[in-house]
Every structure is written in C-alpha cells, then in structure tokens.
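1. My questions are about this predicted structure, shown below with the sequence.
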Amino acid sequence: MAGRIILLEPSLTGAEGHFAVTAERLRRLLAPTPLLVVPGPQTATGPWRRANTPPRFTHSRTTIARKRHYGPIVERLIRHGEGYIPEALRPPAAPPAAGATARIAHGDAATMRSLMLADIVRILKAVAADAGDLLLLPSADAEMILAIAEVHKRAAAGPQIALRLMYDDVGSHVSAPTWRSALAVLLAADGARQRLCLFAETLGFAAAIAEAFAIEVTLLPHPSPLTAVPMPPIEGEFVVFVPGKLRADKGASLINAIGQHLSDALRGSALPAVTLRAQAVAAATGDKLRCQPLPAFLPAAEYARQWHSCHAALLLNDPATFQLRGSGTVCDAVAAQRPFLALNGSTLSEWIIADNGVVAAPDAHSISDGIVSLIGNYHRHRQGTAAAAQRLAADLATAIDRLRGLLPRHH
C-alpha cells in the first residue's frame, strides 16, 4: 500500500468553517500524497440523526470534555436533551462577569486514562493503518495527546505521528488534563521521541513546547485559502472588517466602546469616514462612523468577498486566551494582504513582521487610537503586506515539506 497521510479531526463536522478549510487546504498542499480525512461526528441531531459511518469519530471534543467533567451518564443525558430541544429554544449562555478569570485546566494527565482511545483504535483498524502511513492530528489538545500516548504504547511500531498543538489549557475545565502533562506522558514512553514530530500553530506555542521538553517544533500556521487582490480605492470611506463571530474572548465587550471613542476621534479630523463591518454586532455610530452588521455566519465565498472589499482588519482576540493559541483570521489577513490591528500580548501580533499592522493595548481607547494610526499611515502599512504574505507562504511550505518527509521513503 502506498504511504498515506491519515488526518484525524474530531472537530470537522461540516463542509464549512475553520476545520473544513484546514482539511481541504492541507489536501491541496500535500497533493499528490494521498490524504485520508477522518472527520468528527455528524451534526444532525434529534430522532433524525443519521448513524455514524466509519471511519469517523463518534465523540466530539465537547462530549469528551463533558465526560471528563460530569461522567458518562450525565454527559449522555445532556447530549440527548440537546438532541430534542432546538437550539433556538435553549436558554442562552450567561455572559462572563466583568473581570472574570478564564477557566484553565489543572488536571495531571499522568493520573488519567484516555477518553478518546477507543475511537482512535477503532478508526485505525477501519482504515488499516500501518507503518507506511503517517498520522496527522492538526488540532491536537491534551485529550488527543493522551490518546496518542496510549496508541503508541499499544503499538510502538505503527505509523509515524505528526502532532500540531492548537489548544492550550485556557477555556478548559479545571479537571481537564493540561497540555504539558499530556505531552509529558507521551514523550516519556519508550521510542516516542523517535516516532513523533511536533508542530505548532504559533511561534509562542512552539517556544513553550521547546522550552518545556527540549524538542524540535515546526511552525504550521493556519493554511488560509485566501489570495491577494488589489486594495479597493478609499474614496472617502475606509472599511474595517472585524472577522469572525464576536464573543467574549474576541472583543464582544469592546466593540461598542471602540465605536464611541473612534467616532469622537474622527469628528473634525481630515481622515475619511470609517465603516466597521462586524458579524452579528452593531456598534455605536457617528458623523463619520458607520457600523454595518454582518450575518453571524458567512459562507466561504462571502467571507472572502468581505476580505477583498475591506481596507484593513480589526482582530480583537483576547491576549489572556490567545497567549499561546492562534487564530485563522490573522493568517487570512496576511494571505489577503490586508493591514490589521491586533492586541498586545496575543499571538496574532506575531504576524506584524513587516510594518503590515499595528498593535494596541486591550482597551477601547487604545484600540481606537490604533485604528486612527492605521488609517493615517495606511500607505506605509500596505507596503508591508506583501512581505508578510511571502513569510506565511514560506512557513507553510516548510511545514508541508516536513510532513511529506515523515512518510517512509520506501513508500
């Protein structure tokens, strides 16, 4: 059998979204190497839910997290309840209190058993994985790392393993395993370092892994499908795109205050009027500020159109959450060659490498000042976007070459 790359992605549950984009882009970038994608559970719910067809994960990340926290019986009750209650009728999640601290995992993986092992063992058997293949986990978290540790201990002579760490401990329940403890379990197993190749989505995450375990880590940023098109003329209106559905860790609490400060800063200035395009959010407006709310979900073609019709992007990812993990939106900004504003302390600022954007403190006044600076120095920031896009393409090419090189040469 020719060597294959077997991509395991339990979060891939539909044809749209971040995980679908990543899987399809990796398929194209790795061609002609065969890529077998193993997706997550199907998303249809209720009594009409179709049975899973192998190979496919039967448990989502949410299911695993709930099992770890509540146990299998309560998790099953929650899941069945969700299946029969339409999403529109469910009570909305309570917004986090002002100043609330994000949940952070503190569990020790060395004292835990894997909750994903049965799924992965069944999948590998179904696809007849052997030593000529490569297992690729492009969005690894602590639970997946712990499962791979058990897979390795059971069959140390199986396929090579490529782990791309995407999720750290922020946002997980305190009882969940930490990524460091899970990776320590894996790397302590006999032969694991020889079988394993580590990737990370951000430079910050790569540095943290290398420092903790003295191991080589290759950067594999989000493989954005976007391409650069010429900037639209400003013609009295400067369009700022706020990509992604705003939520607590992506600026939802800031957008209105930003609009108020920005409206005051623009009033009486020589700068053009500004249009903020934000998904599912309407911010404050003024004489020279307009907020254009967009649908909460944008199909791929419309998402690309928004990038190509804007002048710059506003990326409000919270530094507390995105200190190690990355965001596909920043790679979209770089690939589309649009200047952007990112918050100081977040990994998104790693991609300001050629004066192709600005960094602001995570408060509305500083962000508003940053947008004004971005507009006032727009020509300079535009000039840096091509170099940043070239850097993204080079980093992706290096990672793809590394993946291809992991396949046994006799295949």
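-> Structure received.
2. Where does pLDDT dip in the stretch 51-200 of the chain?
-> 51-54, 72-76, 78-102 (pLDDT under 70).
3. Would you map the strands across the stretch 101-250 of the chain?
-> 134-140, 160-165, 196-200, 217-219, 237-245 (DSSP state E, counting those that start in this stretch).
4. Can you add distance to residue 17 and mean neighbour count and give those back as JSON lines?
-> For glycine as for every other residue, the C-beta is placed from the backbone atoms N, C-alpha and C. JSON lines is the format used below for the strands of the stretch 101-250 of the chain (distance: least, CB to CB, whole Å; neighbours: other CB atoms under 10 Å):
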{"stretch": "strand 134-140", "distance to residue 17": "12", "mean neighbour count": "25"}
{"stretch": "strand 160-165", "distance to residue 17": "17", "mean neighbour count": "23"}
{"stretch": "strand 196-200", "distance to residue 17": "21", "mean neighbour count": "24"}
{"stretch": "strand 217-219", "distance to residue 17": "23", "mean neighbour count": "19"}
{"stretch": "strand 237-245", "distance to residue 17": "11", "mean neighbour count": "22"}
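5. quick one: which of those strands is nearest residue 341?
-> Across the strands of the stretch 101-250 of the chain, residue 341 has its closest neighbour in strand 237-245 (8.4 Å, CB to CB).
6. Could you check the next helix or strand after the closest one and say which residues are buried?
-> Next helix or strand after strand 237-245 toward the C-terminus (DSSP states H and E): helix 255-266. Buried positions in helix 255-266, judged by neighbour count with 16 or more other CB atoms under 10 Å: 255, 257, 258, 259, 260, 261, 262, 263, 265, 266.
7. circling back to that earlier point, could I get the strands of the stretch 101-250 of the chain as TSV with distance to residue 363?
-> Below are the strands of the stretch 101-250 of the chain laid out as TSV (distance: least, CB to CB, whole Å):
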stretch	distance to residue 363
strand 134-140	31
strand 160-165	30
strand 196-200	29
strand 217-219	30
strand 237-245	17
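8. Can you say which of those strands is nearest to residue 340?
-> Going by CB to CB, the one of these nearest residue 340 is strand 237-245, 9.0 Å.
9. roughly how far out does that closest one sit from the chain middle?
-> Put simply, strand 237-245 sits 19 Å off its chain's centre (CA atoms, centre = their mean, to the nearest Å).
10. and that strand, what other elements does it pack with?
-> strand 273-279, helix 300-308, strand 312-314, helix 328-335 (3 or more CB pairs under 8 Å, 6 or more residues apart in numbering; DSSP states H and E).
11. Quote the end-to-end distance of stretch 189-208.
-> For stretch 189-208, the first and last residues are 21 Å from each other (CA to CA, to the nearest Å).
12. again with stretch 334-344
-> 17 Å.
13. Would you mind giving both backbone torsions of the most centrally placed residue in the chain?
-> Residue closest to the average C-alpha location in the chain (CA atoms, centre = their mean): residue 327, at 4.5 Å. When quoted as degrees, to the nearest 10, the phi and psi of residue 327 stand at phi -140, psi 130.
14. Quick check, it in contact with residue 351.
-> No. If you go by CB atoms under 8 Å, residue 327 and residue 351 don't touch, sitting 9.9 Å apart.
15. which one is the residue nearest to the centre of the chain nearest to, not counting chain neighbours?
-> Excluding its sequence neighbours, the residue lying closest to residue 327 (CB to CB, 6 or more residues apart in numbering) is residue 317, at 5.2 Å.
16. Please look at the one you found and residue 249 and confirm they touch.
-> Yes. Contact status for residue 317 versus residue 249: in contact at 6.8 Å, counting by CB under 8 Å.
17. For residue 289, list each beta-bridge partner.
-> Taking DSSP bridges as the rule, residue 289 bridges to residue 274, residue 286.
18. need the contact list for it.
-> 259, 262, 263, 266, 273, 274, 275, 276 (CB atoms under 8 Å, 6 or more residues apart in numbering).
19. looking at it, the third one is touching residue 276, isn't it?
-> Looking back up the chat, that one is residue 263. No. Using CB under 8 Å, residue 263 makes no contact with residue 276, being 10.3 Å away.
20. can you give me the helices for this structure?
-> 18-30, 61-70, 72-84, 117-126, 142-154, 179-188, 192-195, 203-213, 255-266, 300-308, 328-335, 364-376, 378-383, 385-406 (DSSP state H).
21. Residue 269 - how many residues pack around it?
-> Residues near residue 269, counting by other CB atoms under 10 Å, number 12.
22. Distance of it relative to residue 287?
-> 11 Å (CB to CB, to the nearest Å).
23. For stretch 337-351, buried residues please.
-> So for stretch 337-351, counting by 16+ other CB under 10 Å, buried means 337-343, 345-349, 351.
24. I'd like to know how many residues surround the residue nearest to residue 327.
-> 23.
25. List the contacts of it.
-> Residue 317 touches 249, 250, 251, 327, 329, 330, 342, 343, 346, 348, counting by CB under 8 Å, 6+ apart.
26. switch the cut-off to 10 Å
-> Contact analysis of residue 317 by CB atoms under 10 Å, 6 or more residues apart in numbering lists 244, 249-251, 325-327, 329-330, 342-343, 346-349, 362.
27. Of all the residues in stretch 201-219, which ones are buried?
-> Buried residues in stretch 201-219, counted by 16+ other CB under 10 Å: 201, 202, 203, 204, 205, 206, 208, 209, 213, 217, 218, 219.
28. surely the third one meets residue 330?
-> Which is residue 203. No. Counting by CB atoms under 10 Å, residue 203 does not reach residue 330; the two are 12.0 Å apart.
29. if I look at these two, which residues touch both of them?
-> 221, 347, 350, 351.
30. among the residues you listed, which two are most distant?
-> Within the shared contacts of residue 203 and residue 330 (distances taken as CB to CB), the two that end up farthest apart are 221 and 347, at 10.1 Å.
31. Can you check which residues contact both of those two?
-> Common neighbours of residue 221 and residue 347 (CB under 10 Å, 6+ apart) are 200, 201, 202, 203, 326, 330.
32. how near is the closest residue in space to the second one that isn't next to it in sequence to residue 236?
-> Yep, that's residue 201 we're talking about. Take residue 201 and drop its neighbours on the chain: the residue closest to it by CB to CB, 6+ apart is residue 326, 4.0 Å away. Residue 326 is 35 Å from residue 236, where distance means CB to CB.
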